[in-house]
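> Let me see the structure of the following:
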Amino acid sequence: MKFNGYLATAALVTAATLTTAATLTGCAASGTQPAPPRAAATGQAGAGATTDSAGAGAGAGAATGHAGAGEAAKAARAEAAATGHAGTGEAAEAATGHAGTGAGVEVATVRGPRIAVYQRKGASSPWRRLASPNDYGAERVFLVERRDGEWLRVLLPIRPNGSTGWIRTGDVTLTRTTHRVEVDPAQFRFTVYDGARVLRTGKVATGRDGTPTPPGRYFFTELVRPPDPHGPYGAYAFGLSGFSPTLKSFAGGPGQLAIHGTDDAAAIGTQVSHGCVRVANADITWMAKNLAIGTPVVVKG
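This is a model prediction of the structure:
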């Protein structure tokens, strides 16, 4: 399924968004692709949600799909945006997304209109340059894997999944989140943590055998609110920084993964998607109100 979304200010937006067109790809319940609906994509720091298999927009090989301020947001009113925490302390040498990491992880938010990414720390020439906001009008963020002086090794939303690059600390603002999402495909279950404390848990649907949900460490990239909360993508969808291992493209997009709602609650707890993680609309709505873009997501393998 394919979204042709326009970027517009929505109830959860706390920063300005663009009004240009963007394309999102999604994993429909079957091979049939419904007519593309319109979707409002949010691009703010602090709150997040995207689509079934939200695809990065156009961009000549650029790694797209980062969004928001990456720090965990506190629960707010029913339609309020989640707020982020200012980062404190030193970054973990190797940030992990598992229970017991009470100190959390750092998220780097790009300060300017673009950022240079290097393949090696101290390299003289950039490997690629990424724009901010991204194609969905969301602030460009990176999940920090390591800090080394003026350099940060960050997780990138490119193939292969798990790719990293280096950026300069002076080009970003660092914040910290203690929130993370863990998905266990074997148990068809997700768990949201704040440090070691469980905040919410529920059932998921995952990819079919031919289009599996790949294990790995990702983070939320952008937030999309489908126009029809009772449609195939449900109430909200969070784009992930990873991609399908079997679909190099899908419905006009790059096969980007996502966590999103659904209009088929009976399919939760089964393998039904093209690789995305589906959750109940109540669960994705809770995530949209309580988790920030940039929140780490671990898919167990």
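
> Against residue 287, how distant is the closest residue in space to residue 188 that isn't next to it in sequence?
Closest residue in space to residue 188, ignoring its immediate chain neighbours: residue 269 at 4.7 Å, by C-beta to C-beta, 6 or more residues apart in numbering. C-betas here are computed from N, CA, C, even on glycine. Distance, residue 269 to residue 287, by C-beta to C-beta, to the nearest Å: 18 Å.

> who's more crowded, the two?
residue 287 (31 against 15; other C-beta atoms under 10 Å).

> Isn't that one up against residue 191?
No - between residue 287 and residue 191 there is no contact under C-beta atoms under 8 Å: 11.8 Å.

> what sits in contact with each of these two?
Shared contacts of residue 287 and residue 191, defined by C-beta atoms under 8 Å, 6 or more residues apart in numbering, are found at 181, 200.

> OK, contacts around the residue nearest to residue 188?
Neighbours of residue 269 in contact, by C-beta under 8 Å, 6+ apart: 188, 203-205.

> Any stretches of this structure with poor pLDDT?
1-101 (pLDDT under 70).

> Swap in 80 and give it another go.
1-102, 135-136, 251-252 (pLDDT under 80).

> show me where it has helices.
281-290 (DSSP state H).

> who are the neighbours in contact with residue 279?
By C-beta under 8 Å, 6+ apart, residue 279 lies in contact with 190, 202-205, 234, 259-262, 268, 287.

> do the same with residue 248
Listed by C-beta under 8 Å, 6+ apart, the contact set of residue 248 reads 254-255.

> repeat for residue 116
Per C-beta under 8 Å, 6+ apart, neighbours of residue 116: 126, 128-129, 167-168, 171.

> if we go to 7 Å?
126, 129 (C-beta atoms under 7 Å, 6 or more residues apart in numbering).

> can you check residue 241 too?
Per C-beta under 7 Å, 6+ apart, neighbours of residue 241: 65, 155, 157, 218-219, 221.

> Now, these that are in strands?
The members of those that map onto strands under DSSP state E are 155, 218-219, 221.

> Turn these into CSV, including neighbour count.
CSV is the format used below for the ones in strands among the contacts of residue 241 (neighbours: other C-beta atoms under 10 Å):
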residue, neighbour count
155, 24
218, 28
219, 34
221, 30
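
> out of those, who's nearest residue 210?
residue 218 (21.0 Å; C-beta to C-beta).

> so that closest one makes contact with residue 238?
No - contact criterion C-beta atoms under 7 Å: residue 218 and residue 238 do not qualify, at 9.9 Å.

> So what's the residue count around residue 264?
14.

> mind checking how far it is from residue 287?
On the measure of C-beta to C-beta, residue 264 and residue 287 end up 18 Å apart.

> thinking again about what came up before, make a markdown table out of the contacts of residue 241 and add distance to residue 282.
Output for these, formatted as a markdown table (distance: C-beta to C-beta, whole Å):
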| residue | distance to residue 282 |
| --- | --- |
| 65 | 26 |
| 155 | 29 |
| 157 | 28 |
| 218 | 23 |
| 219 | 23 |
| 221 | 22 |
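
> Name the nearest of the residues you listed relative to residue 301.
The nearest member of those to residue 301, counting by C-beta to C-beta, is residue 218 at 12.5 Å.

> what sits against the closest one?
Contact analysis of residue 218 by C-beta under 7 Å, 6+ apart lists 240-242, 297.

> thinking again about what came up before, got a winner among the contacts of residue 279 for most neighbours?
Highest neighbour count within those, by other C-beta under 10 Å: residue 259, with 33 neighbours.

> Quick check, that residue in contact with residue 280.
No - Residue 259 is beyond contact range of residue 280, at 11.5 Å (criterion: C-beta under 7 Å).

> so residue 163 sits right up against residue 156, yeah?
Yes - the criterion here is C-beta under 7 Å, and residue 163 meets it with residue 156 at 4.8 Å.

> Tell me which of those two has more neighbours.
For residue 163 versus residue 156, neighbours defined as other C-beta under 10 Å are more numerous around residue 156 (23 against 15).

> what sits against residue 150?
Residue 150 touches 168-170, counting by C-beta under 7 Å, 6+ apart.
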